[in-house]
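J.: Would you be able to build a 3D model of this:
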Amino acid sequence: MTCTHMATIHEVTPSARGCEECLKIGSEWVHLRLCRECGHVGCCDQSPHRHARAHFHATRHPIIEGYDPPEGWGWCYVDDIEVDLPDQTSQIGPIPRFY
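T.: Residues are numbered from 1 along each chain as shown. As a prediction, this is how the structure comes out:
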């Protein structure tokens, strides 16, 4: 199976130095995911609030990048497969770790 959403991948500026929503509510996260369509930084599915997946459901932006620390792998929520990203997004500064 191949991903049909590769055209949605853009160079983005991360929205926060951690999970955007968790920082606002004072919650902890496990790992971070970066939306490669708009730059939203959310927490992974193992985190209490799963903000990266919630962002996908709200926006339908399909592809995220492992971002804690920058890991360089991609995932398509729609096709449910790993994707090769054309580049790796740099962090905007030190990112706090919780777990």
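
J.: Residues contacting the longest helix belonging to the chain, please?
T.: Counting residues, the longest helix found in the chain (DSSP state H) is helix 51-59. Helix 51-59 has contacts (Cβ atoms under 8 Å, 6 or more residues apart in numbering) with 19-22, 29, 32-33, 35, 37-38, 40, 42-45, 61-62, 64, 77. From N, CA and C alone the C-beta is placed, and that goes for glycine too.

J.: Note down every partner strand of the next helix or strand after it and its orientation.
T.: Following helix 51-59 in sequence order, the next helix or strand is strand 63-67 (DSSP states H and E). Strand 63-67 pairs in its sheet with strand 32-35 (antiparallel), strand 70-76 (antiparallel), by DSSP bridges.

J.: could I get those strands as TSV with distance to residue 83, mean neighbour count and mean pLDDT?
T.: Shown next, in TSV, are the strands paired with strand 63-67 (distance: least, Cβ to Cβ, whole Å; neighbours: other Cβ atoms under 10 Å; pLDDT from 0 to 100):
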stretch	distance to residue 83	mean neighbour count	mean pLDDT
strand 32-35	13	28	96
strand 70-76	4	18	88
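
J.: what would those strands look like in CSV with distance to residue 93?
T.: Output for the strands paired with strand 63-67, formatted as CSV (distance: least, Cβ to Cβ, whole Å):
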stretch, distance to residue 93
strand 32-35, 13
strand 70-76, 12
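
J.: between those, which one is nearest to residue 6?
T.: Closest to residue 6 of those is strand 70-76 (Cβ to Cβ; 8.5 Å).

J.: Report the distance from the closest one to the chain centre.
T.: 8 Å (Cα atoms, centre = their mean, to the nearest Å).

J.: Then stretch 64-73?
T.: Distance of stretch 64-73 from its chain centroid, counting by Cα atoms, centre = their mean, is 7 Å.

J.: tell me the mean pLDDT over the longest helix of the chain?
T.: For helix 51-59, mean pLDDT rounds to 98.

J.: Pull out the buried residues from that helix.
T.: Buried positions in helix 51-59, judged by neighbour count with 16 or more other Cβ atoms under 10 Å: 51, 52, 53, 55, 56.
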